[in-house]
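Colleague: I'd like to go over a predicted model; first the sequence, then the structure.
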Amino acid sequence: MTDALPAGIHVSGDAAGPAVVLLHSSQSNTGQWRDLIKRLQADYHLIGIDLLGYGKAPAPEVDATEAFRFTDEVPRIVAAVEQLTQGQPVILVGHSYGAAVALKLALENLLPVRALALFEPVAFHVLDANDPARQEVEAIANQMDQDDKWAATQAFVDYWNVPGYFAALPEKLQQQMASQADKVAMDFAALMGEPHKLVDYRRVEVPVLLLTGARTQASARRVAEQLQQVLPQVEVEQLACGHMGPLTHPQLVNPLLVNFLQQVTEPSGA
């Protein structure tokens, strides 16, 4: 069943177990979930999705960067998951851009979602245009449009980490990340251009674990605060890390993800 899967779809674990779909952040790939996969593979059917333009996934096919939307991203995800699960309910685990995509999938019932585990979904479209947090991240998004991809990537990476973070990375990794700058700009276009309003997320009527970092940026914090007000079945936990917690502090993030998955897959929580 997995032989004909497109590039960038990674399957592991117990095919008879509950299905868990893993969606990574911008400038990343399924490898960011390596430790979590090790923790879950004995009991869960794990489907890691390299999002378009990252890992082994193909590049997006759009005429212009600013035209990219979630509707360009999600059909490939839906097709792969449907092929692998045959309509069985799935749990979506997402980080940052991947977490915002997970919300889209659940809200529009594009997959039969039984629960969501999200680390700082950057659904910037829920923020008002005059919100300082949105204006802050729009300034970063606007920098992605410059011709100097190296400078654009440095601004993006340092924003989500700390100043000087990009410069300290190995040159090979810097080059790889700079080569993905166009897709990062597309991710921002999708996050800003999504038509759903904050109130729409009241319709996500499944259990949601919403994880945040105590040392995160204002834009991500503000989105989490807004979603917390509308998601009907949300559990919120703040951890001692920043926005990149799933990569920098998996020892804090992954135990909470594992516990949540156990809760929602037990007979009483199914």
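Modeller: Thanks, I have it.

Colleague: mind listing what the residue nearest the centre of the chain touches?
Modeller: For the chain, the residue nearest the mean C-alpha position is Gly98 (1.6 Å; CA atoms, centre = their mean). By CB atoms under 8 Å, 6 or more residues apart in numbering, the contact set of Gly98 is 22-25, 49, 51. C-betas here are computed from N, CA, C, even on glycine.

Colleague: now, which of the residues you listed sits nearest Lys38?
Modeller: Leu22 (12.5 Å; CB to CB).

Colleague: I figured the closest one hits His45, correct?
Modeller: No. Contact criterion CB atoms under 8 Å: Leu22 and His45 do not qualify, at 11.3 Å.

Colleague: circling back: what's the closest non-adjacent residue to the residue nearest to the centre of the chain?
Modeller: Spatial nearest neighbour of Gly98, excluding adjacent residues (CB to CB, 6 or more residues apart in numbering): Leu23 at 3.1 Å.

Colleague: same question for Glu82.
Modeller: Leu111 is the one closest to Glu82 (CB to CB, 6+ apart), at 7.4 Å.

Colleague: that neighbour contacts Val101, doesn't it?
Modeller: No. With contact defined as CB under 8 Å, Leu111 does not count as touching Val101 (11.1 Å).

Colleague: higher neighbour count, the two?
Modeller: The neighbour count for Leu111 versus Val101, taken as other CB atoms under 10 Å, is higher for Val101 (26 against 22).

Colleague: so after the helix or strand hosting that one, what's the next helix or strand?
Modeller: Per DSSP states H and E: Val101 is located in helix 97-107. Once the chain leaves helix 97-107, the next helix or strand it forms, by DSSP H and E, is strand 113-119.
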